[in-house]
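*Asks:* My questions concern the predicted model and sequence given below.
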Amino acid sequence: MKPQVVFVLGGPGAGKGTQCSKIVEGFNYTHLSAGDLLRGERARDGSEFGQLIDSYIKDGKIVPVKITINLLSKAMEETMQKDEKKFRFLIDGFPRNEDNLQGWKDAMDGKADVKFVLFFDCSNEVCIDRCLERGKSSGRTDDNRESLEKRIQTYLLSTRPIIEQYEKLGKVRTVDASRSVDEVFADVKAILEKEG
Ligand code: UP5
Ligand code: MG
């Protein structure tokens, strides 16, 4: 079975991870956060990319796609090897720019189907406030005001155009992510029930 993929996009702190966790409770999807995979690689003993990933994340810059796509495709393969019925994936926080999208196409065209993009739409102010609040306890090196300004800029300049490309293809499902977790999830659930 070919992997069926939903790209989950939205600004920093829009609630991508939170909503993906709720989706996997009720739907047969595996959640792969590109950011979590990169943070895992950064922490791995002997990783040749640890320092590079560290500095990119702190600067809110997008890591070269070769690194990210390797982590994503490995995680997808491992999941499907363990259980062939697990071929549905939520890919959270990817693709974030043109380089990411091209890297995905080069590696995955014909090998995986992108069903749609689930877009969590949220104002920059709400995004920043949520990340600063989380920063009090998250230990994330990018949950500070300086990194957040950069993350927002990167999102606006690089990621929004990717969402717009998918929009033109009629492939974006947008959710107003500024509401409560449960209100957002009610919309997410309706979308997934409709899309299958
Ligand atoms: N929260 C969530 N939903 C809420 C709601 N409805 N109401 C009130 N509060 C809500 O949520 C963020 C915080 O808000 C949490 O405290 C949550 O409780 C609360 P979360 O669900 O974590 O939001 P999410 O959108 O997942 O935010 P995250 O910070 O993870 O988004 P980013 O996209 O910025 O981070 P990510 O981990 O994807 O990427 C980090 C960095 O990795 C990037 O900046 C980049 O440098 C690098 N990266 C790449 O280079 N390439 C990639 O492909 C991916 C990442
Ligand atoms: Mg996240």
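*Replies:* Arrived safely. Numbering: from 1, shown residues only. Ligands and ions are numbered 1, 2, ... in the order given.
*Asks:* Could I get the phi/psi values of the residue nearest to F185 when sequence neighbours are not counted?
*Replies:* Counting by C-beta to C-beta, 6 or more residues apart in numbering, K22 is the residue found nearest to F185 once chain neighbours are left out, at 5.1 Å. C-betas here are computed from N, CA, C, even on glycine. The phi and psi torsions at K22 (degrees, to the nearest 10) take the values phi -70, psi -40.
*Asks:* On the pLDDT front, check the residue of the chain positioned farthest from its centre for me.
*Replies:* Most distant residue from the mean C-alpha position of the chain: G46, 25.3 Å away (C-alpha atoms, centre = their mean). Here, the pLDDT recorded for G46 equals 95.
*Asks:* now swap in E78 and tell me
*Replies:* In this model, E78 is scored at 98, pLDDT.
*Asks:* ok, now the one 10 residues further on?
*Replies:* Model confidence at R88, expressed as pLDDT, equals 98.
*Asks:* My guess is it contacts K2. True?
*Replies:* No: if you go by C-beta atoms under 8 Å, R88 and K2 don't touch, sitting 10.6 Å apart.
*Asks:* So those two - more neighbours on which side?
*Replies:* Set R88 next to K2 and count neighbours by other C-beta atoms under 10 Å: R88 wins out with 18 against 11.
*Asks:* Ligand 2 contacts on this structure?
*Replies:* Residues of the chain found near ligand 2 (C-beta under 5 Å from the ion) are 16-17.
*Asks:* Please identify the buried residues of the longest helix seen in the chain?
*Replies:* Looking across the chain with DSSP state H, the single longest helix is helix 65-82. Buried residues in helix 65-82, defined by neighbour count with 16 or more other C-beta atoms under 10 Å: 65, 67-69, 71-73, 75-76, 79-80.
*Asks:* Tell me the one of those residues nearest E133?
*Replies:* The nearest member of those to E133, counting by C-beta to C-beta, is T68 at 27.0 Å.
*Asks:* And the strands in this protein, which stretches?
*Replies:* Secondary structure of the chain, counting by DSSP state E: strands at 4-10, 30-33, 88-92, 113-121, 172-176.
*Asks:* Any idea how many residues pack against the residue nearest to F185?
*Replies:* 18.
*Asks:* One more: S138?
*Replies:* 11.
*Asks:* contacting residues around the closest residue in space to I128 that isn't next to it in sequence?
*Replies:* Distances taken as C-beta to C-beta, 6+ apart place L148 nearest to I128, at 5.2 Å, with adjacent residues excluded. By C-beta atoms under 8 Å, 6 or more residues apart in numbering, the contact set of L148 is 12, 60, 127-128, 131-132, 142.
*Asks:* What of S47?
*Replies:* Counting by C-beta under 8 Å, 6+ apart, S47 has contacts 41, 53.
*Asks:* redo that, cut-off 10 Å
*Replies:* Counting by C-beta atoms under 10 Å, 6 or more residues apart in numbering, S47 makes contact with 40-41, 53, 67.
*Asks:* same question, T68
*Replies:* 34-35, 37-38, 41, 53, 62, 93-96, 99-100, 103-104.
*Asks:* burial count for whichever residue of the chain sits closest to ligand 2?
*Replies:* Ligand 2 sits closest to G17 of the chain, with a gap of 3.4 Å, by C-beta to the ion. Using other C-beta under 10 Å, G17 has 17 other residues around it.
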